[in-house]
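Asker: this is the structure alone, sequence omitted:
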């Protein structure tokens, strides 16, 4: 194991986190928050600088050998440690007095979950609100992808692909251009352009600059931390519609945008995962609009709120314009299904991903054909390409691990003795990085009533969901730390 390279990479990540806290500290100064909030950021930045220096010193002379094990360890440790350090501004400022709550809030931010323990968001200082929302933007594409895109930290055997595979969502990860660093850089350029466009449309609708930035961070990262107690309900229909569209756009596989840039219209627009994603989203919008029509003044208003909610839930953003907890059972059931399906692979959204649903459906069809005609050759195709057996095996293993973790987490969280609907949807919402669930954790509720033990379990669920299970499992496996490879 290349421990020096691991230390070096973690040192760079700590330095990046310290740099990303500087704008939040500047926001504190702009709004005259020179007391506890600013001190919380300054002390945390100083701590990160010391830790970064120590790790970079320990990583001097690191060899260029870099394998899958190092990639998994760096990603898992990086997300855990960045979340632990990112919680200190909340804790040191005493705006979140208990560290376990600050850790939960920060994990929820970095994993773009949007689950919150805050009962009064508007009471928080502007600097901390900015940092809270900005963690969504950082976590949306991933800190390691950012590191690959802009920081020359390593070369050698599979350096880039091992990090990207460990952090990026989806059943398989590949390069969209020949060099991995160029791939990461292109992904971030698309991400930044879409974010800037979202800010522009929000400003055009009269939203203040601070609100626009925080809302765009949550929309781009599909995170859902709002800066108002009513989430997006208090904004105009135009602003809500902007978020509806951009949430859906950030839930699309970013390789589709690359194909559009190359003007490969047919390959982009007829991508099977994209068609499934959009088909499920539009179908759910229409069904829910019909179901909730009696709750609103007309079908137009019902479709407006149904569209926003479906886009928010399926992309695992978690913004809300209405309390879907009081909607009819059919609508709530559809939303629960959308929570599990999630967005596209290669997007900033969570869930098990539309690509896996597509692969599972095609694998099931192929297995039925094989049972009927045992001697026939049945292969799975996506976009007219044969899907490799190792990808299908990975999907099956992922689903088995997902179901097992969901069951275990549900049992552990149930120790708090809340309703089954609360506990089950809390686990689903955290494991799929959605945020709001149903009952006590609905869009008008929060996670403050859970015990510290349950919050730790749900925090781990958020990390497991964002990193798609295996990096965290690898980190806690004894085989990872064996001297022999």
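Answerer: Arrived safely, thanks for sending. Keep in mind it's a predicted model, so treat the numbers as computed, not measured.

Asker: okay, CA-based contacts and neighbour counts for the rest of this
Answerer: Noted.

Asker: who's in contact with residue 114?
Answerer: Residues in contact with residue 114 (C-alpha atoms under 8 Å, 6 or more residues apart in numbering) are 108, 223-225, 317-318, 433-436.

Asker: quick one: which of those residues is most hemmed in?
Answerer: Within the contacts of residue 114, residue 223 tops the neighbour count with 39 neighbours, counted by other C-alpha atoms under 10 Å.

Asker: assumed that one was part of a helix.
Answerer: No - inclusion of residue 223 in a helix is not indicated when DSSP: H, G, I helix; E, B strand; the rest coil is applied; the result is coil.

Asker: where does the stretch 51-200 of the chain have low pLDDT?
Answerer: Judged by pLDDT under 70, the stretch 51-200 of the chain has its weakly predicted residues at 64-67, 146-181.

Asker: re earlier: what is the nearest of the contacts of residue 114 to residue 324?
Answerer: Proximity of the contacts of residue 114 to residue 324 (C-alpha to C-alpha) peaks at residue 436, which lies at 10.0 Å.

Asker: so the closest one: helix, strand or coil?
Answerer: Look at residue 436: counting by three-state DSSP, its state is coil.

Asker: and it, how far from residue 425?
Answerer: Taking C-alpha to C-alpha, to the nearest Å as the measure, residue 436 and residue 425 are separated by 8 Å.

Asker: ok, residue 140 to residue 348 distance?
Answerer: Applying C-alpha to C-alpha, one obtains 5 Å for the distance of residue 140 from residue 348.

Asker: common neighbours of these two, please.
Answerer: Counting by C-alpha under 8 Å, 6+ apart, the residues touching both residue 140 and residue 348 are 220-222.

Asker: just confirm residue 357 contacts residue 341, I think it does.
Answerer: Yes - with contact defined as C-alpha atoms under 8 Å, residue 357 counts as touching residue 341 (7.1 Å).

Asker: ok, the two, which is more surrounded?
Answerer: Neighbours were tallied for residue 357 and for residue 341 using other C-alpha under 10 Å; the higher tally belongs to residue 341 (24 against 19).

Asker: does that one really touch residue 352, like I thought?
Answerer: Yes - the pair residue 341 and residue 352 passes the contact test of C-alpha under 8 Å, sitting 5.4 Å apart.

Asker: helix, strand or coil for the residue nearest the centre of the chain?
Answerer: A centroid search over the chain (C-alpha atoms, centre = their mean) returns residue 112, at 3.8 Å, as the residue closest to the centre. Counting by three-state DSSP, the backbone at residue 112 sits in coil.

Asker: and the helices in the stretch 251-400 of the chain?
Answerer: According to DSSP state H, counting those that start in this stretch, the stretch 251-400 of the chain carries its helices in the segments 254-261, 265-269, 272-292, 299-314, 329-341, 354-372, 389-413.

Asker: buried stuff in the longest one?
Answerer: Using 16 or more other C-alpha atoms under 10 Å as the burial criterion, the residues of helix 389-413 that qualify are 392, 395-396, 398, 401-402, 405-406, 409-410, 412-413.

Asker: which residue packs closest to residue 122, ignoring adjacent ones?
Answerer: residue 228 (5.6 Å; C-alpha to C-alpha, 6 or more residues apart in numbering).

Asker: the one you found should be in a helix, yeah?
Answerer: No - under three-state DSSP, residue 228 sits outside any helix and is assigned coil.

Asker: so residue 247 makes contact with residue 317?
Answerer: Yes - shown here, residue 247 and residue 317 form a contact pair, counting by C-alpha under 8 Å, at 7.2 Å.

Asker: and stretch 18-34, how far out from the chain's middle?
Answerer: Relative to the chain's own centre, stretch 18-34 is displaced by 25 Å; criterion: C-alpha atoms, centre = their mean, to the nearest Å.

Asker: ok, residues contacting that stretch?
Answerer: In this structure, residues lying in contact with stretch 18-34 by C-alpha under 8 Å, 6+ apart are 37-38, 41-42, 44-46, 48-49, 125-128, 130-131.

Asker: also stretch 87-97?
Answerer: Under the criterion C-alpha under 8 Å, 6+ apart, residues 36-41, 44, 98-99, 102-103, 105-106, 124, 128 lie in contact with stretch 87-97.

Asker: please pick the buried ones from these.
Answerer: Among the contacts of stretch 87-97, those classed as buried by neighbour count (16+ other C-alpha under 10 Å) are 36-41, 44, 99, 102-103, 105-106, 124, 128.

Asker: would you turn those into TSV with secondary structure?
Answerer: Compiled in TSV, the buried ones among the contacts of stretch 87-97 are given as follows (three-state DSSP):
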residue	secondary structure
36	helix
37	helix
38	helix
39	helix
40	helix
41	helix
44	helix
99	helix
102	helix
103	helix
105	helix
106	helix
124	coil
128	helix
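
Asker: what's the neighbour count on the residue nearest to residue 122?
Answerer: Neighbours of residue 228 under the rule other C-alpha under 10 Å: 15.

Asker: surely it and residue 121 touch.
Answerer: Yes - the pair residue 228 / residue 121 is scored as a contact, 6.1 Å apart, by C-alpha under 8 Å.

Asker: good, we can wrap up now.
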